[in-house]
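A.B. asks: Provided below for reference: sequence and predicted model.
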Amino acid sequence: MEFSDRLKKARERRGLNQTELGDLLGVSAQTVQQWESGRTMPRHKRIDTLANTLQVRAQWLIFGHGPMIEGGHDEIEMHDTELIEDDGPLSPDEIEIPYFREVEMAAGDGRTQVIENHGHAMRFSLARLSRAGVQPENAACATIKGTSMETRIMDGSPIAIDKGCRHINDGDIYALDHDGMLRVKYLYRLPLNRVRIVSENSEEYPEEVYSLNDPDAPRIIGRVFWWETFA
């Protein structure tokens, strides 16, 4: 269930039409219609007002986390993205995308390499991938380790990667294979085919600069287009 679906469900639960909800929020019915169609999202500062008006939990409305209403244990909505470990049937609009993981190299020299592990997968809706502009065959997942991207992406969060996007858009987040180590960082282009690698937690993890022609430079796996946000 997407934000637009949760919004519509909460509005109908309150017995409001789009015009009535818009009047309560001070926006037009067209604005509400655009939110519910998924074409636009309300600004972050309006989310709390929206949740209060609809008498639902803001974390449920934004992310689908926990019960719909405070103390409502029978209103839980599951993410339409979930880690799976079995061969349960996919719905027609879902696919499984593989996980990247670090494994010790066969030579046993203590180094690691980043590979795709097809034994585990995440389930994504095709609609979600389409909205992110990601071709299904280019999608992959991984789990972030460490605190270098906190508080943006927390330690242990699953992420989704577009392997088809390896060109650098300044300030976007990318998954990198750096000498066998899986890293997740902001990237910025520099002259002379160099790149800045920046962490969210810059106090503990200072930025790095590499020449992309350097054989020791990290290899871009792809752009990170989704990550789990903990409540």
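C.D. replies: Cool, got the structure. Numbers count the residues shown, from 1 in each chain.
A.B. asks: can I assume residue 129 sits in a strand?
C.D. replies: No - counting by DSSP: H, G, I helix; E, B strand; the rest coil, residue 129 is not found in a strand; it is helix.
A.B. asks: show me the contacts for it.
C.D. replies: Going by CB atoms under 8 Å, 6 or more residues apart in numbering, residue 129 touches 95, 135, 136, 139. Where C-beta positions appear, they are placed from N, C-alpha and C, glycine not excepted.
A.B. asks: Sketch out the strands for this structure, chain order is fine.
C.D. replies: 82-84, 94-104, 112-125, 139-143, 158-162, 173-178, 181-190, 194-198, 208-211, 219-227 (DSSP state E).
A.B. asks: Tell me which of those strands sits nearest to residue 11.
C.D. replies: strand 112-125 (22.0 Å; CB to CB).
A.B. asks: So for that closest one, mean pLDDT?
C.D. replies: Computed over strand 112-125, the mean pLDDT rounds to 63.
A.B. asks: want to throw the strands of the chain into a markdown table with mean neighbour count?
C.D. replies: Listed next are the strands of the chain as a markdown table, based on neighbours: other CB atoms under 10 Å:
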| stretch | mean neighbour count |
| --- | --- |
| strand 82-84 | 12 |
| strand 94-104 | 17 |
| strand 112-125 | 16 |
| strand 139-143 | 23 |
| strand 158-162 | 22 |
| strand 173-178 | 20 |
| strand 181-190 | 19 |
| strand 194-198 | 18 |
| strand 208-211 | 14 |
| strand 219-227 | 19 |
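A.B. asks: right, and those - which one's nearest residue 4?
C.D. replies: Distance to residue 4, taken as CB to CB, is lowest for strand 112-125 among these, at 12.7 Å.
A.B. asks: what's the closest non-adjacent residue to residue 170?
C.D. replies: Excluding the flanking residues, the one nearest residue 170 by CB to CB, 6 or more residues apart in numbering is residue 188, at 4.9 Å.
A.B. asks: isn't the one you found right up against residue 195?
C.D. replies: Yes - with contact defined as CB atoms under 8 Å, residue 188 and residue 195 form a contacting pair (6.8 Å).
A.B. asks: Touching both of these two, which residues are there?
C.D. replies: residue 168.
A.B. asks: Of all the strands of the chain, which one is nearest residue 22?
C.D. replies: strand 112-125 (28.0 Å).
A.B. asks: quick one, domains of this protein?
C.D. replies: Per the record, the chain has its domains at 3-63, 82-227, by automatic domain parsing.
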